[in-house]
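> Compute the structure for the input listed below.
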Amino acid sequence: MRDLIVTQNITVDGVVEAGDWFDPGGGGQDLLDVLTEQAARADGFLTGRVTFEEMRGFWPLQQDDTTGVTAYLNQVHKYVVSTTLRDPGWEPTTILPDLDAVRRIKEEPGTDIVCTGSITLAHGLISAGLVDEYRLFVYPTVVGAGRRLFPDGVPQSLRLTDTRSFDGGITLSIYRRE
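This is a model prediction of the structure:
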């Protein structure tokens, strides 16, 4: 069975909506190295339609990306949960109609499936008990309001398995669902 991993950039107070606080380069080369390591262990990238369309409009157009993100996203198998998307226009991509389809791809052979962003989808995955691991890149800021990672009324029992710190006060906390 493949692990489904939710990776989020998050503030100390749990907000996942990107704002002025989010600076992906703020963690330095060490942070980029960790992201590259994680990408190497994943052969699936899961997203919702809105995030997918935003990414499709940006990443395939990058010419001089030295981070490796463009190369990874162009080759990894992308899964998009959507009932309205008909032509993904960015291969290799499979459109999944619902969370039951996500459950089925977890049963297929392969390595990790990573969901980044897509907070509405992440809420659905969490509520359905489909998330095996959370990788939280915590930024040292408190914004006081915004959408949070964990939906109200869905308790989680988690076990901390690893932590790392990076430049700019960013930390990575990895939790497994128990």
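> Show me what counts as buried in stretch 98-111.
99, 102, 105-106 (16 or more other C-beta atoms under 10 Å). C-beta coordinates here come from the backbone N, C-alpha and C atoms, glycine included.
> quick one: which of these is nearest Val6?
Val102 (12.0 Å; C-beta to C-beta).
> What separation do you get for that closest one and Asp167?
Val102 sits 35 Å away from Asp167, going by C-beta to C-beta, to the nearest Å.
> Pro88 now?
The gap separating Pro88 from Asp167 is 36 Å, by C-beta to C-beta.
> between these two, which one's more packed in?
More crowded of Pro88 and Asp167, by other C-beta atoms under 10 Å: Pro88, with 18 against 12.
> my guess is that one contacts Phe52, does it?
Yes: Pro88 lies in contact with Phe52 (C-beta atoms under 8 Å); the separation is 7.4 Å.
> list the residues that contact both of those two?
Residues touching both Pro88 and Phe52 by C-beta atoms under 8 Å, 6 or more residues apart in numbering: 78, 80.
> got the CA positions of the lowest-mean-pLDDT helix or strand in the chain in PDB?
Of all helical and strand segments in the chain, the minimum by mean pLDDT, DSSP states H and E falls on helix 28-40, at a mean of 85. Taking Å, rounded to 0.1, in the frame of the first residue of the first chain, the C-alpha atoms of helix 28-40 are listed here in PDB:
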ATOM      1  CA  GLY A  28      17.900  28.100   2.200                       C
ATOM      2  CA  GLN A  29      19.500  25.300   0.300                       C
ATOM      3  CA  ASP A  30      18.900  22.800   3.200                       C
ATOM      4  CA  LEU A  31      15.200  23.200   2.800                       C
ATOM      5  CA  LEU A  32      15.400  22.800  -1.000                       C
ATOM      6  CA  ASP A  33      17.500  19.600  -0.500                       C
ATOM      7  CA  VAL A  34      14.800  18.200   1.800                       C
ATOM      8  CA  LEU A  35      12.100  18.900  -0.800                       C
ATOM      9  CA  THR A  36      14.200  17.200  -3.400                       C
ATOM     10  CA  GLU A  37      14.700  14.100  -1.200                       C
ATOM     11  CA  GLN A  38      10.900  14.000  -0.600                       C
ATOM     12  CA  ALA A  39      10.100  14.300  -4.300                       C
ATOM     13  CA  ALA A  40      12.500  11.400  -5.000                       C
END
